[in-house]
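Undergrad: Curious how this folds, go ahead:
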Amino acid sequence: MSSSFYTDEPEYGKLPELLKEGDWVIDVGANVGHYTKRFSELVGKSGRVMAFEPVPVTFSLLAANTRIF
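TA: Residues are numbered from 1 along each chain as shown. Next comes the predicted model:
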């Protein structure tokens, strides 16, 4: 997954205001992991991101992407 993901969703730009190092995040309906990746960057090594994706094919992409980043 490229680190050049872009969205015009206003909440994506507000994530640094909402999350900090050490936070825990639950990403329900994580899709392929764009938000999961950003959550992980913001919470750092001392935080945790739990990503859930119910669609098996999409979950496979999410799992592959999380291994990459």
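
Undergrad: So for the longest helix along the chain, what gets flagged as buried?
TA: In the chain, ranked by residue count with DSSP state H as the criterion, the top helix is helix 56-68. Residues 59, 62, 65-66 are the ones in helix 56-68 that count as buried (16 or more other Cβ atoms under 10 Å). Every C-beta, even on glycine, is put in place using the N, C-alpha and C of the backbone.

Undergrad: Who are the packing partners of the helix or strand containing E11?
TA: Assessed by DSSP states H and E, E11 sits inside helix 10-18. Secondary-structure packing of helix 10-18 (3 or more Cβ pairs under 8 Å, 6 or more residues apart in numbering; DSSP states H and E): helix 34-43.

Undergrad: Which helix or strand lies directly C-terminal to the helix it packs on?
TA: strand 48-52.

Undergrad: quick one: strands adjacent to that next one?
TA: strand 24-28 (parallel) (DSSP bridges).
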